[in-house]
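Undergrad: Any chance you can model this:
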Amino acid sequence: RLFVVAGAGIAGVTCAETLARLCPSDSITIISESELLKGVCNVKKLSKTLEEFSVVETPLSSISFTLPNIQTVRGRITSISHADHTINYSPVGPEHHAQNDQEQQHIKYDYLCLCTGARPNVVIRDSPHVLGIRDTETVEHLRRRLVNARRVVIVGNGGIALELVHEIAHCEVIWAIKDDHIGNAFFDTQAAEFLLPELYVATHQPSAEESSSSVPPSSSSSSSPAPYTLTPSSSTQGGTALGPSWYSKYGLSSMVPVSVPLEHPEPSVEGVERPHQDTCTVLTRTSVTNDVDVTNINIMMNAHAAETHSVPIYPRKYLPVIEYNTTLRRILRDEDHTPVDQEAGWPVYIELSNGKIYGCDFVVSATGVTPNSTGLEGFRIELDGGLYVDKFMRTSVSDVYAAGDICTITWAESPQWFQMRLWSQARTQGRYAADCIASHSRNEDNSQDLELSFDFELFAHATRFFGHRVVMLGLYNAQGLDPQKTKIFVRQSPGVSYMKIVLFDGRMQGALLVGQTDLEETFENLILNQLDVEAFGEDLLNPDIDVEDFFDYDTGVSILGCKLHHLAGLIPFASRGS
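TA: Sure thing, here's the model as predicted:
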């Protein structure tokens, strides 16, 4: 049998590796435009559904050395002939001209899995001043342009934007977001406020040059930025997603500032210092905009906690300027510049939708992605542009499957699971698609086993933002829940940890954990088992009560349920403990 996987990102490589193990005597071919593939290493299982891992980039051909039944082809797919199971492609590489139709080649397949990912939504396409961020090539382009940058404008409020704003500390950053708080896709307002002070500290020790207090030279000095050849962004093509902690490979946080005069004084850091008061607890009840009852438990960080904070705290040379509720309106023409702006000599000037004008070196577009399904004929396409897949990852075309960012999953039955185009879901979808392909290729009747082999019960994602581990479980932002039946409990220690749980009708539906809380497995079990924990309330976040002690992972529901209700009924609230 001939298996072909299109795409060398996390979903594609995971699918191919799984197929190679399940079908060792069959041939697997990976076809990809990129010369690099993304492998996974250092996998750390945090819970049943949650894992952390590192992504490594290796040459496309390297996978063949570890898995001999996998071969690789570098090429751009031009068409797929469904009738005769043939992929037509143009070879890519320095020795080929990809647009030359005479070089068209073909691959036969018995089963095909499309894992070609997504392409960035660039706010202004075909502009040499706007760079979309998606894959290794675009990040390397960004790194080169940052070397001599004095000011950049970042548009977007997703994961890549959050990471970039935190990491770029050597120059001015103007951050334009369409929402009223940072990280809207992951955080509510309170979680955003917890993380916001982290933007005002650097994550690396400033060098002597960075710390110098000497008067910077004029912009005409020899230290002025070197000219950079501008080319329109090529990031409209689909590339492999960056994966977790991608920024650590490029040294963005340790770049040395270019010595140029600022147009305005640096913003004050007043109000963002971490508190050093003695530990105290403040319990308040408030009502958020959607009328959900929220309990806040604020733990002020004491001196010892500040000293043992996991992220080194250094003064940041440039503080990011955040423009809320706005986006990029246009790139200005020369005649639209004001005389004051023209004197600064910025390569490009932009206007935001709030009317503000900024000069900058370039604009970074980090405004999400679109499934890379353009040009695929004969497939059912969902409203968001993704390929339709059934519960076995089969597309609408016979013997063609899909996994990762390119597909759209609408059939998941669990109310605590939903699709987000994240590398964690790409990995699990790639693995599950391979299980389904292998089973169907052997004509096995094990549909029920396949459904159980991949966990669509719970949304689970672990990542890092601003130096903190961030764990999202289930409906962590109370997505789609009736506010009248929903309670949210929050406990935070500024600069150390933030914990939020969501209860609906007394049963946990989601959790958001920032920092080292060690609660992810406990809360995962409470969500999956749907125990009534209303009597416990905010004590679920009480560090003096180890909820894990009341959960027997072998016998499950009855022990925890009985003990919670027993404690709630017999132990006075003020004296409950572990």
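Undergrad: Poorly predicted segments of the chain, please.
TA: 65, 94-102, 134, 201-316, 334-344, 446, 448-455, 548-578 (pLDDT under 70).
Undergrad: longest helix anywhere in it?
TA: In the chain, taking DSSP state H as the definition, the longest helix is helix 423-441.
Undergrad: Report all helices and strands that that one contacts.
TA: Where contact means 3 or more C-beta pairs under 8 Å, 6 or more residues apart in numbering; DSSP states H and E, helix 423-441 is packed against helix 10-22, strand 51-59, strand 111-114, strand 400-402, helix 447-453, strand 460-465. In this view, the C-beta of every residue, glycine as well, is placed from N, C-alpha and C.
Undergrad: Can I get those in JSON lines including distance to residue 434 and mean neighbour count?
TA: Listed next are those as JSON lines, based on distance: least, C-beta to C-beta, whole Å; neighbours: other C-beta atoms under 10 Å:
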{"stretch": "helix 10-22", "distance to residue 434": "4", "mean neighbour count": "25"}
{"stretch": "strand 51-59", "distance to residue 434": "17", "mean neighbour count": "16"}
{"stretch": "strand 111-114", "distance to residue 434": "7", "mean neighbour count": "28"}
{"stretch": "strand 400-402", "distance to residue 434": "9", "mean neighbour count": "28"}
{"stretch": "helix 447-453", "distance to residue 434": "10", "mean neighbour count": "12"}
{"stretch": "strand 460-465", "distance to residue 434": "20", "mean neighbour count": "20"}
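Undergrad: Which among the ones you listed is found nearest to residue 351?
TA: Comparing these by their distance to residue 351 (C-beta to C-beta), the top pick is strand 460-465, with 29.2 Å.
Undergrad: what about the closest residue to residue 532 other than its chain neighbours, how many neighbours?
TA: Excluding the flanking residues, the one nearest residue 532 by C-beta to C-beta, 6 or more residues apart in numbering is residue 506, at 4.6 Å. For residue 506, the neighbour count with other C-beta atoms under 10 Å is 15.
Undergrad: From here on, call the first residue 218.
TA: Sure thing, new numbering starts at 218, so read that last one as residue 723.
Undergrad: State the distance from residue 723 to residue 581.
TA: 45 Å (C-beta to C-beta, to the nearest Å).
Undergrad: Residue 567 now?
TA: Counting by C-beta to C-beta - residue 567 and residue 581 are separated by 12 Å.
Undergrad: and for these two, which residues touch both?
TA: residue 370 (C-beta atoms under 8 Å, 6 or more residues apart in numbering).
Undergrad: residues of the lengthiest strand in the chain that come out buried?
TA: With secondary structure taken from DSSP state E, the chain has its longest strand at strand 287-298. For strand 287-298, the neighbour count (16 or more other C-beta atoms under 10 Å) marks 287, 289-292, 294, 297 as buried.
Undergrad: For that strand, enumerate the helices and strands it packs against.
TA: helix 227-239, strand 244-249, helix 280-283, strand 303-308.
Undergrad: who does that strand pair up with?
TA: strand 244-249 (parallel), strand 303-308 (antiparallel) (DSSP bridges).
Undergrad: Kindly reformat those as a markdown table containing mean neighbour count and distance to residue 227.
TA: Shown next, in a markdown table, are those (neighbours: other C-beta atoms under 10 Å; distance: least, C-beta to C-beta, whole Å):
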| stretch | mean neighbour count | distance to residue 227 |
| --- | --- | --- |
| strand 244-249 | 24 | 12 |
| strand 303-308 | 18 | 21 |
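Undergrad: Out of these, which gets nearest to residue 544?
TA: strand 244-249 (32.7 Å).
Undergrad: Which SSE is immediately downstream of the closest one?
TA: Following strand 244-249 in sequence order, the next helix or strand is strand 253-262 (DSSP states H and E).
Undergrad: Just the angle for that following strand relative to strand 268-276, thanks.
TA: 160 degrees (axes from the mean of the first three to the mean of the last three C-alpha atoms, to 10 degrees).
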